[in-house]
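> Please find the sequence and the predicted model below.
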Amino acid sequence: MFEQVYQTNFELEDKYWWFVARNQIVLQVFERVANLANGETVLDFGCGTGGFASLLSKKYNVIGIDPSPIAIEFCKKRGLQNVFQTTLDDFRHNGTMPKAIFALDVIEHIEEDVTTLKRLASLLENDGYLIVTVPAYQWLWSNHDILHMHFRRYNKKTLINSLRNAGYKIQYVSYFNTLLFFPAVVMRIFERKTSIEETPPVTPVSETLNNILTKIFLLEKKLLPFLRFPFGLSLIAIAKKL
């Protein structure tokens with residue numbers, strides 16, 4: 001991932017509509033399904049610049065790992081200390097088995113996703129939870145995916161298959177970012193006419209529009225713990241280690 005992407009993410013994670021709503025939705029759904037006790041150890045795999053890890057740290061003992069030294073520098077600027085620049089294969093947990101592992105918009109960056117999912121399972125406590133979010137629908141592939149170095153986008157079936165092939169039992173799976181689906185599809189179609197050099201890491205919006213988009217997206221926070229959306233720009237799955 002380009003340094004520009006990390007810089008942009010660090011600057012926007014706490015206020016940009018997509019990050020703010022996604023992070024709150026993930027926590028809401030997770031806590032409804034898993035009901036983890038305060039202070040439990042959780043791992044943020046591919047923690048990036050630390051926005052979600054910082055949110056998790058308010059309730060849980062968070063370990064963050066990311067292969068990028070730039071990302072880890074940004075994490076430490078947020079005050080996160082238990083973060084490590086390492087690959088999954090090189091990660092040494094020193095006997096600490098997390099009760100949950102979060103991989104938010106991570107496995108689409110990995111060519112051998114099932115192999116990685118199996119490795120994550122080996123780190124989990126027995127009956128531990130894996131929480132993943134991924135971009136949806138290969139037909140929505142755009143410059144955004146290229147810029148963020150994705151290998152693929154998923155649909156519900158392919159995500160479930162990857163998790164099951166890695167030995168997990170599915171607890172919850174749904175599309176989300178549904179209420180903004182149709183305008184986003186139109187934007188992606190127009191984006192295809194733009195060169196990769198002209199594509200920003202994050203689509204800029206005014207403060208007013210950002211507030212509106214945040215409120216719309218956050219409406220899903222109240223619904224997703226109880227519903228399964230039939231389509232959306234992203235997928236969320238919670239799976240249990242067998």
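On my side now, so go ahead.

> where in this protein is pLDDT low?
1-2 (pLDDT under 70).

> which residue of it sits farthest from its center?
Distance from the centre of the chain peaks at Lys193, with 27.2 Å (CA atoms, centre = their mean).

> Please report how far that residue lies from Asn94.
Applying CB to CB, to the nearest Å, the value for Lys193 to Asn94 is 51 Å. (Glycine included, C-beta is placed from N, CA and C.)

> now do Ile236
To Asn94, Ile236 is 30 Å away according to CB to CB.

> quick one: which of those two has more around it?
Per other CB atoms under 10 Å, whichever of Ile236 and Asn94 has more neighbours is Ile236, with 24 against 5.

> give the contact list for that one.
Shown in contact with Ile236 (CB atoms under 8 Å, 6 or more residues apart in numbering): 25-26, 29, 131-133, 172-174, 176, 224.

> part of a strand, is it?
Yes: the assignment for Ile236 (DSSP: H, G, I helix; E, B strand; the rest coil) places it in a strand.

> pretty sure Phe102 contacts Val26?
Yes: the pair Phe102 / Val26 is scored as a contact, 7.4 Å apart, by CB atoms under 8 Å.

> Common neighbours of these two, please.
52, 131.

> hey, what's the spatially most central residue of the chain bridged with?
Taking CA atoms, centre = their mean, the centroid of the chain lies closest to Leu104, which sits 1.6 Å from it. Taking DSSP bridges as the rule, Leu104 bridges to Thr133.

> pretty sure it contacts Phe52?
Yes: the pair Leu104 / Phe52 is scored as a contact, 5.8 Å apart, by CB under 8 Å.

> Find the residues that touch each one of the two.
23, 26, 44.

> Good, wrapping up.
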